[in-house]
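In: fold the stuff below for me.
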Amino acid sequence: MKVPGALIHTLSQPVTDAGARRYARVTSGMLPATRDDRPMALVTTSWDDGHPYDLRLASLLATYQVAGTFYVPSSYSKRPLMEDSQLRDLIGMNMEIGSHTDTHPVLTKLPPHEIWRELRESRERLEQRLGLAVPSFCYPKGKFNRAARKLIAPAGYRLARTTVAFRTELDFDPARMPVSCQCAPQSRAIRLRHALREGNLRGLRNWSRWFGLESEFASLARLMFDRVLRQGGVFHLWGHSWELEEGGLWSACEDVLRYIARRPGVAYVTNGGVMEARAEPRK
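Out: So this is what the prediction gives:
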């Protein structure tokens, strides 16, 4: 299966009216040529909360030619937020900017009309500030419910990323985009508790069957990436730049990036680029 050539784009499409908006997506470079019979292998990363340390992280990603989507609250968060000039610096490094609501609330605690406001105002404010379409969204703290999921597409988003882990499949609900693993240390008990709370039985089966219940994040990342190399699918690494700083995890994160980077036959795309790959005709 050939990697789709249509994934080569830049985040330079201006926002006009709703009917003229083009979906902006990027990769970190030219897509590799692959054999027709080879399963599609994608790598994507995403990073939450819009902290100024995202600039350091984006620079690290760019060094290894790995693409990233940075999910940013549009007006308020308990942590510092990047300024518009810093967001444009990320875009200049071929990264994607996504919405993380307006004020970073837990959506499951809000009534539907407040969820709608958070979704719409965040996208509209970011688009006005950056002059770019913002069709990617991430649920704060990974928490969502049926009311939030139902509003994703009407609010103008093409995907909504979750924290549902241990997943590598390309076929998923766009309003519940899963991830593979978080770039942060977590015990086996914590990983198990999160998966059970989210009802992620498929992920638990994957974790047990394919990855030996590995809990150390760098080892788990390598195991999951290796499976995508063999079987195809999406390796999706996610995290927080502020957590890398507070936990002294920059070196460990770079080790993972070094391991997954520049592999023949792998397309390195943003979260939006994953959706474009899904939409490409299969050959």
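
In: wait, Leu192 touches Gly203, no?
Out: No: using CB atoms under 8 Å, Leu192 makes no contact with Gly203, being 10.5 Å away. Where C-beta positions appear, they are placed from N, C-alpha and C, glycine not excepted.

In: ok, these two, which is more surrounded?
Out: Ranked by neighbour count (other CB atoms under 10 Å), Leu192 and Gly203 place Gly203 first, with 21 against 16.

In: pLDDT score for the residue most central in space within the chain?
Out: Taking CA atoms, centre = their mean, the centroid of the chain lies closest to Ser46, which sits 3.3 Å from it. Per-residue pLDDT puts Ser46 at 98.

In: then Pro73?
Out: At Pro73, the pLDDT recorded in the model is 98.

In: what number of residues lie near it?
Out: With other CB under 10 Å as criterion, Pro73 counts 25.

In: phi first, then psi, for it.
Out: phi -60, psi 140 (degrees, to the nearest 10).

In: can you check Ala252 too?
Out: phi -70, psi -40.

In: from Arg56, how far out is it?
Out: 15 Å (CB to CB, to the nearest Å).

In: which of the two has more residues huddled nearby?
Out: Ala252 (18 against 14).

In: apart from its chain neighbours, what residue comes closest to that one?
Out: Counting by CB to CB, 6 or more residues apart in numbering, Ala252 lies nearest to Ala218, which is 5.6 Å off, once chain neighbours are set aside.

In: so what secondary structure elements neighbour the lengthiest helix in the chain?
Out: Secondary structure of the chain read by DSSP state H shows that its longest helix is helix 112-130. In terms of contacts (3 or more CB pairs under 8 Å, 6 or more residues apart in numbering; DSSP states H and E), helix 112-130 is packed against helix 84-92, strand 96-99, strand 136-138, helix 146-152.

In: Ser180: which of those is closest?
Out: strand 136-138 (15.1 Å; CB to CB).

In: measure how far that closest one is from the centre of its chain, please.
Out: On the basis of CA atoms, centre = their mean, to the nearest Å, strand 136-138 sits 8 Å off its chain's mean C-alpha point.

In: residues in contact with it?
Out: Residues from elsewhere that reach strand 136-138 (CB atoms under 8 Å, 6 or more residues apart in numbering): 46, 48, 69, 71, 96, 98-100, 119, 122-123, 152, 155, 157-161, 270-272.

In: what about 6 Å?
Out: 48, 69, 71, 98-100, 157, 159-161, 271-272 (CB atoms under 6 Å, 6 or more residues apart in numbering).

In: show me where the protein has its strands.
Out: 41-48, 68-72, 96-99, 136-138, 159-161, 181-182, 233-239, 266-268 (DSSP state E).

In: I'd like these as CSV, with distance to Arg209 appended.
Out: As requested, the strands of the chain are exported to CSV (distance: least, CB to CB, whole Å):
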stretch, distance to Arg209
strand 41-48, 20
strand 68-72, 29
strand 96-99, 31
strand 136-138, 28
strand 159-161, 24
strand 181-182, 16
strand 233-239, 15
strand 266-268, 23
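
In: what's the distance between the nearest residue to Pro174 once chain neighbours are set aside and Tyr139?
Out: Leaving out its chain neighbours, the residue that sits closest to Pro174 by CB to CB, 6+ apart is Leu159, at 4.8 Å. Leu159 sits 11 Å away from Tyr139, going by CB to CB.

In: swap in Leu126?
Out: 16 Å.

In: ok, now Ser46?
Out: From Ser46 across to Tyr139, the span is 12 Å (CB to CB).

In: please apply the same query to Glu121.
Out: Separation of Glu121 from Tyr139 (CB to CB): 16 Å.

In: so those two - more neighbours on which side?
Out: Tyr139 (25 against 17).

In: over to the more buried one: give its phi and psi.
Out: Dihedral pair for Tyr139: phi -70, psi 130, per degrees, to the nearest 10.

In: list the residues that contact it.
Out: With contact set as CB under 6 Å, 6+ apart, Tyr139 has these partners: Thr162.

In: if we use 10 Å, what do you get?
Out: With contacts defined as CB atoms under 10 Å, 6 or more residues apart in numbering, the neighbours of Tyr139 are 48, 71, 100-101, 106-108, 145, 148-149, 152, 160-163, 175-177.

In: Ala252 too?
Out: Here Ala252 is in contact with 183-185, 216-218, 221, 244 (CB under 10 Å, 6+ apart).
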